[in-house]
Every structure is written in structure tokens, then in C-alpha cells.
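Chemist: Sequence plus predicted model, see below.
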Amino acid sequence: MPRPSQPSLLRLLHGLTAALLPLAWLSGLVVYSRYDGRWGRLPFVLPGDWIDLHGSIGVALWPVALLFGLYALSIGRWRLRQVGNALPLLALALAVGSGKAMQEDWLREGQLHHLAYHVHLLAWLALALAVGVHLLELLRRGGWPLLLSMVKR
Ligand code: HEM
């Protein structure tokens with residue numbers, strides 16, 4: 001069977017998204033733990049302005065996610081017939097969209113009731129599940145060679 005390979009533009013946009021997303025996800029977890037924590041907190045407190053850091057990662061992520069989304073919806077559209085590929089894109093759109101609808105001071109001021117914040121929390125959960133499904137589905141379809149085709153030539 002031929003070794004799977006991916007187009008360079010997909011590898012670039014997908015790689016940037018896949019690199020920034022865990023940073024956004026983890027910094028979001030720290031922000032949730034410090035400013036919300038209704039359903040549990042991390043057992044430690046990290047110093048620093050994590051809302052600022054999370055916001056900056058978000059600012060770097062959204063143009064990359066937009067370009068990746070445009071690629072996936074045009075050149076890469078045939079791949080979105082795979083549910084395992086479509087789900088992370090949907091969750092990413094929800095996370096970026098709801099994040100942009102939020103205001104930086106809400107959590108600092110204890111305003112935890114906004115709809116955009118609840119959607120953002122849901123998107124955070126959905127992303128973890130969707131990326132898990134994505135990776136499992138890729139492993140099932142093509143094993144490690146397919147997974148690794150996104151990171152190496
Ligand atoms: C971190 C979040 C991730 C998101 C949001 C994401 C999203 C996507 C999307 C939307 C596609 C379809 C692209 C298109 O339509 O052309 C895709 C394809 C792919 N992704 Fe990811 N992905 C993520 C992580 C990963 C990781 C960690 C790997 C493994 C290294 C990976 C490997 C692949 C591969 C191999 C394909 C091509 C699948 C195919 O040919 O159908 N992805 N990804």
C-alpha cells in the first residue's frame with residue numbers, strides 16, 4: 001500500500017492549528033480553574049495573568065483557524081465527508097466564534113452567566129472529544145502511517 005502523504009498547504013495550516021490549539025485549550029483550563037471552578041479546580045494555582053495569555057493565544061489562533069477553515073471548506077472539502085474530520089472543524093468554529101464574542105473582563109469581574117461564556121465552555125469540552133474522535137478515526141482508517149503523514153513528508 002502506498003505511504004499516505006498530505007499537501008503542503010494542508011500540512012502548514014493544519015500543523016499551525018494543531019500546535020496552537022492545545023496551548024489555547026490548556027491555558028483555558030487554567031483560567032477556568034482560577035476564575036470559575038464550579039465543577040472542580042486544578043489542585044494548584046499558577047502565577048501570572050492567564051486571561052491575558054489565553055486571549056493572546058486566541059488572537060494568534062483565530063486567523064490561522066479562519067485560513068484552515070477556508071481551506072477545509074474549499075480544497076479539502078471531500079475530506080469533511082469523514083465525520084472524524086468534520087467534528088473538530090465544527091468544534092473549532094464554535095470555540096473561536098464564542099471566544100471572540102466574549103469580553104476580557106467578564107471573568108475578572110465574576111460575570112459567569114453570559115451565554116457566550118457557556119458556549120465557549122461547551123466548545124472547550126467538544127474540542128477535546130472531537131480531536132479524540134479525529135485521532136481514533138485516523139488510527140482506524142490508516143494507522144500510524146496516516147497519522148504521521150500530517151507531521152512528516
Ligand atoms: C488539534 C486539533 C486538530 C484539528 C482541529 C484537526 C482538524 C482536521 C480537519 C478539519 C481535517 C480535514 C482537513 C481538510 O478538509 O482538508 C483534518 C485532517 C487530518 N488530520 Fe487533523 N486536526 C487536529 C489534530 C490532528 C492531529 C494531532 C493529527 C495527527 C498528527 C491529525 C492528523 C490529520 C490527518 C492525517 C488528516 C488527513 C485525514 C484524511 O486524509 O482524511 N490531526 N484535521
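Modeler: The structure has been received and is ready for your questions. Everything numeric here is computed off the predicted structure, so don't read it as measured data.
Chemist: Show me what counts as buried in the helix or strand hosting Leu146.
Modeler: For Leu146, the enclosing helix or strand under DSSP states H and E is helix 115-148. Within helix 115-148, the residues scored as buried using 16 or more other C-beta atoms under 10 Å are 117, 119-121, 123-124, 126-127, 130-131, 133-134, 137-138, 146. Glycine gets a C-beta too; all of them are placed from N, C-alpha and C.
Chemist: What is the burial count for the one residue in the chain that gets nearest to the ligand?
Modeler: Nearest residue of the chain to the ligand: Gly76, at 2.0 Å (C-beta to the nearest ligand atom). Number of residues near Gly76 (other C-beta atoms under 10 Å) recorded here: 20.
Chemist: residues touching it, list them.
Modeler: Leu10 (C-beta atoms under 8 Å, 6 or more residues apart in numbering).
Chemist: who's in contact with the residue most central in space within the chain?
Modeler: In the chain, the centroid-proximal residue (C-alpha atoms, centre = their mean) is Leu21; its distance is 4.2 Å. Counting by C-beta under 8 Å, 6+ apart, Leu21 makes contact with 61, 92, 127, 131.
Chemist: Quick check: next helix or strand after the helix or strand harbouring it?
Modeler: For Leu21, the host element (DSSP H and E) is helix 8-35. Downstream of helix 8-35, the first helix or strand assigned by DSSP H and E is helix 50-73.
Chemist: Let's see that following helix as PDB, backbone CA atoms only.
Modeler: Extracted C-alpha coordinates of helix 50-73, given in PDB (Å, rounded to 0.1, in the frame of the first residue of the first chain):
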ATOM      1  CA  TRP A  50      -3.600  33.700  32.400                       C
ATOM      2  CA  ILE A  51      -6.600  35.600  31.000                       C
ATOM      3  CA  ASP A  52      -4.200  37.800  29.100                       C
ATOM      4  CA  LEU A  53      -2.100  34.800  27.900                       C
ATOM      5  CA  HIS A  54      -5.200  32.800  26.800                       C
ATOM      6  CA  GLY A  55      -6.500  35.900  25.000                       C
ATOM      7  CA  SER A  56      -3.200  36.300  23.200                       C
ATOM      8  CA  ILE A  57      -3.100  32.700  22.100                       C
ATOM      9  CA  GLY A  58      -6.700  33.200  20.900                       C
ATOM     10  CA  VAL A  59      -5.700  36.200  18.900                       C
ATOM     11  CA  ALA A  60      -2.900  34.100  17.200                       C
ATOM     12  CA  LEU A  61      -5.300  31.200  16.700                       C
ATOM     13  CA  TRP A  62      -8.300  32.800  15.000                       C
ATOM     14  CA  PRO A  63      -6.700  34.000  11.800                       C
ATOM     15  CA  VAL A  64      -5.000  30.600  11.400                       C
ATOM     16  CA  ALA A  65      -8.300  28.800  12.200                       C
ATOM     17  CA  LEU A  66     -10.000  31.000   9.600                       C
ATOM     18  CA  LEU A  67      -7.500  30.200   6.900                       C
ATOM     19  CA  PHE A  68      -7.600  26.500   7.800                       C
ATOM     20  CA  GLY A  69     -11.400  26.500   7.800                       C
ATOM     21  CA  LEU A  70     -11.400  28.200   4.300                       C
ATOM     22  CA  TYR A  71      -9.000  25.500   3.100                       C
ATOM     23  CA  ALA A  72     -11.100  22.700   4.600                       C
ATOM     24  CA  LEU A  73     -14.300  24.000   3.200                       C
END
